[in-house]
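Participant: What would the 3D arrangement of this be:
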Amino acid sequence: MRWLVNVAHLAFTRALLPKLCEVEEKLTIRELEVLKWTADGKTSSEIGQILAISVDTVNFHVSNATAKLGAANKTAAVVRAAMLGLLN
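Facilitator: Numbering: from 1, shown residues only. Here you go, the predicted structure:
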């Protein structure tokens, strides 16, 4: 059973990884920074205070990053960025 799970995991990884690696536009430094803080559980207000920018500017960067990553929301954008190794 363990062998079957490993084979299935490898097959799914090979099938899905090329699709995950397709990012049309590169994220800006600020977009990555905002996503990193979001991954740490910070709200837009807290991120704005940390980076000394307005909440609207934080939401602008989150929105741009979400669109560039093809994600449905900021949580999905953070997960996708993490899976692509962008949040290191």
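Participant: can I assume residue 39 is in contact with residue 82?
Facilitator: Yes. In this structure residue 39 lies within contact range of residue 82 using CB atoms under 8 Å: 6.6 Å. For every residue, glycine as well, the C-beta is placed using N, CA and C.
Participant: can you list the weak-confidence ranges in the chain?
Facilitator: The chain contains residues with pLDDT under 70 at 16-24.
Participant: Distance from the chain centre to the biggest helix by length in it, please.
Facilitator: Counting by DSSP state H, the longest helix found in the chain is helix 2-20. When distances are taken as CA atoms, centre = their mean, to the nearest Å, helix 2-20 is centred 21 Å away from the chain's centroid.
Participant: Report the separation between residue 52 and residue 58.
Facilitator: Separation of residue 52 from residue 58 (CB to CB, to the nearest Å) stands at 11 Å.
Participant: More neighbours: those two, which one.
Facilitator: Taking neighbours as other CB atoms under 10 Å, residue 52 and residue 58 compare with residue 58 leading, 25 against 7.
Participant: which ones are touching that one?
Facilitator: By CB atoms under 8 Å, 6 or more residues apart in numbering, the contact set of residue 58 is 34, 44, 47, 48, 51.
Participant: so which of these would you say is closest to residue 66?
Facilitator: In terms of CB to CB, no member of those lies closer to residue 66 than residue 34, at 10.4 Å.
Participant: which one is that closest one nearest to, not counting chain neighbours?
Facilitator: Computed as CB to CB, 6 or more residues apart in numbering, the closest residue to residue 34 that is not its neighbour in sequence is residue 61, at 4.4 Å.
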